[in-house]
Every structure is written in structure tokens, then in C-alpha cells.
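Student: here are the coordinates; sequence isn't available:
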Ligand SMILES: CC(C)(COP(=O)(O)OP(=O)(O)OC[C@H]1O[C@@H](n2cnc3c(N)ncnc32)[C@H](O)[C@@H]1OP(=O)(O)O)[C@@H](O)C(=O)NCCC(=O)NCCSC(=O)C[C@H](O)C(=O)O
Ligand SMILES: [Mg+2]
């Protein structure tokens with residue numbers, strides 16, 4: 001899931017283009033990009049699209065961002081998804097573990113196999129990110145939401161130190177809970193360089209992909225989060241570790257650097273995540 005394109009459900013003309021495009025995942029949005037009066041029609045359009053042959057046959061991960069639990073829209077959003085193919089439900093404004101558990105309980109009551117992608121986008125959620133990540137087995141990932149997080153606090157997103165300060169605890173919280181961390185959206189459509197800088201920072205922290213709000217951002221995310229070289233290195237390292245072990249060595253030199261158990265375990269974890277048993 002190197003890239004994930006947000007698709008407002010009030011813009012049905014985007015749907016076909018999005019499903020035919022290059023994003024690894026689509027995040028159909030019922031939240032902030034859909035005005036309140038449009039929500040019922042947006043839900044109905046989304047439900048119809050998710051039943052279509054195009055959506056059912058798609059190899060993309062299909063995600064739906066619902067409205068927050070404390071809004072009058074949440075229950076209707078979930079009800080519209082019952083029985084449909086949804087891989088992840090993106091839960092915004094999930095400030096506490098109790099909110100995650102309450103949302104998960106409502107999903108449990110429906111025929112809906114989706115996991116939860118929880119957006120950390122308030123000071124409260126950031127402060128409690130580890131507990132939020134561990135709140136329920138449905139939580140598959142944490143996503144950062146820097147627009148909502150920074151705006152009310154007057155934090156300048158142009159300063160990468162501030163972005164790093166937010167991404168770091170979310171990555172640790174996700175890692176501790178055994179789920180993935182996912183980067184948020186970059187709003188300046190004309191600034192590909194800004195998008196890339198944030199994506200590279202997230203990648204270097206172990207995030208698995210970045211949210212896109214426009215098709216032009218997808219190729220950058222796919223390139224930054226491409227795992228080809230990392231997988232290749234992990235395969236070579238595990239093979240070298242097996243050979244070293246046969247010689248009774250736990251530490252050895254690989255590509256000019258000493259490696260031992262932590263690096264070998266990390267390489268094995270990369271292969272496991274990729275479904276690679278080599
Ligand atoms: C940002 C947009 C409103 C721009 O829309 P528009 O001006 O209509 O785009 P273009 O004319 O440049 O479109 C060019 C072609 O690309 C297609 N297109 C554009 N956007 C999308 C899309 N999102 N999905 C699929 N296809 C798209 C157009 O149809 C054109 O195609 P063609 O005619 O064939 O050339 C718009 O891009 C948009 O609405 N983006 C998503 C907005 C959104 O979902 N926002 C919510 C997520 S942001 C977030 O989550 C922040 C977070 O919560 C936080 O707190 O940080
Ligand atoms: Mg937000």
C-alpha cells in the first residue's frame with residue numbers, strides 16, 4: 001500500500017478514474033470532503049460503486065473514511081457499508097482507546113470484515129497513541145493527520161522538525177501494537193517537492209505509504225515507498241546469515257557493515273511482511 005488516493009464520495013466522476021489508476025489503495029471519503037447535506041447521496045453512491053464488478057474485481061485495497069464516532073453521520077456511514085467489500089475503515093478523530101473500542105463494537109454488530117485504520121489527528125490522540133493502537137484487534141494501522149493536528153495548535157508544517165516530532169511517536173505506537181504506520185495527505189497540489197520530502201521522511205521512519213489527494217501525487221508515493229531494493233537486501237542478508245550460522249558465526253560483515261541478531265531479525269521481518277519465505 002505504497003499509495004492511497006482519497007476520493008471524495010461527493011465526486012462520483014472520480015470513481016472510475018481512481019479504480020483504473022496507479023494507486024495501491026483507494027480511500028473513499030465520507031468525512032471532510034463531503035458537505036453535510038451531501039452525505040446521504042454520497043453514501044448511496046459509494047455503496048453502489050462498491051457492489052460494482054469494477055470494485056469487486058479490483059486488486060486495490062478499498063478503504064472508506066467514515067465520519068467521526070461522535071457525529072450524527074457515523075452510524076449511517078457504517079450501515080451503508082454492511083455486507084460490502086471494504087478492506088479497511090478509516091476512523092478519524094479517534095482521540096481515545098474508548099472511542100476505538102466503541103467504533104469497533106458497532107462494526108462487530110454488522111456483516112463487515114474490515115480492519116480499522118485509525119487517524120491520529122488531535123493532541124489527545126497523539127498523547128495516547130500507544131493505547132489507541134492497542135485498543136482493539138481490528139486496528140490494523142495508524143495514520144497521521146497533520147492538517148487537523150497542526151492547524152488548531154498553530155504548528156508550522158513547513159518545518160520538518162515539527163513533522164518528525166508528530167510522526168515519531170505514531171510510528172513507535174504502531175510498532176508496539178504490531179500494526180503499520182501510514183503517512184497523511186499533503187494539501188499543496190502544486191508542490192511535488194514538499195510531498196516528496198514528507199514522503200521520504202515517513203519512509204525513513206518505517207511508514208509503509210503516503211496518502212494522496214490527487215492523481216499527480218501517486219507516482220511519487222509509489223517511487224518513494226517502493227520496497228524492491230529493501231526486499232532484495234533482506235533476501236541477501238538472510239542468505240548470508242544462514243551461511244554464517246553454519247560456520248558458527250552470529251556476527252559477520254555484510255555489505256561492509258557488521259550485522260548480528262537485530263539486523264537479521266529485521267531482515268526476516270521484512271520478508272515475512274512481504275509474504276516471502278526465502
Ligand atoms: C483537490 C481536488 C478538489 C482537485 O479537484 P479538481 O480541481 O477537479 O482536479 P483536477 O482538475 O486537477 O483533476 C485532474 C484529473 O484528475 C482527476 N482527479 C482529481 N482528483 C482526483 C481524485 N481525488 N480521485 C480521482 N481522480 C481525481 C479529475 O477527475 C481529472 O480527470 P480528467 O478529467 O480525466 O483529466 C480533488 O483532487 C480532490 O477532491 N481531492 C481529494 C480531496 C479529499 O479527499 N480530501 C480529504 C482528504 S485530506 C485529509 O485527509 C487530511 C487529514 O484529515 C488531515 O487532517 O491531515
Ligand atoms: Mg483530518
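Tutor: Everything's here; your move. Quick caveat, the model's predicted, so the values are computed rather than measured. Ligands and ions are numbered 1, 2, ... in the order given.
Student: so is the host helix or strand of residue 28 next to ligand 1?
Tutor: Per DSSP states H and E: residue 28 is located in strand 25-29. Yes: under the criterion of Cβ under 6 Å from any ligand atom, ligand 1 is reached by strand 25-29 at residue 29. (Glycine included, C-beta is placed from N, CA and C.)
Student: strand partners (parallel or antiparallel) of that strand?
Tutor: strand 3-8 (parallel), strand 61-65 (parallel) (DSSP bridges).
Student: average model confidence for the shortest one?
Tutor: Summarised as a single mean, pLDDT over strand 61-65 is 98.
Student: for that strand, the distance to its chain's centre please.
Tutor: 10 Å (Cα atoms, centre = their mean, to the nearest Å).
Student: hmm, it in reach of ligand 1?
Tutor: No: judged by Cβ under 6 Å from any ligand atom, strand 61-65 stays clear of ligand 1, getting no closer than 7.1 Å.
Student: what sits up against the next helix-or-strand element following that strand?
Tutor: Counting by DSSP H and E, the next helix or strand C-terminal to strand 61-65 is helix 74-81. If you take Cβ atoms under 8 Å, 6 or more residues apart in numbering as the criterion, helix 74-81 is touched by 30, 39-40, 43-44, 46-47, 50, 64, 66-68, 89, 103, 106-107, 110, 112, 114.
Student: among the residues you listed, name the buried ones.
Tutor: Buried subset of the contacts of helix 74-81 (neighbour count, 16 or more other Cβ atoms under 10 Å): 30, 39, 43, 46-47, 50, 64, 66-68, 89, 103, 107, 112, 114.
Student: okay, who's weakest in those residues by pLDDT?
Tutor: By pLDDT, residue 112 ranks lowest within the buried ones among the contacts of helix 74-81, coming in at 91.
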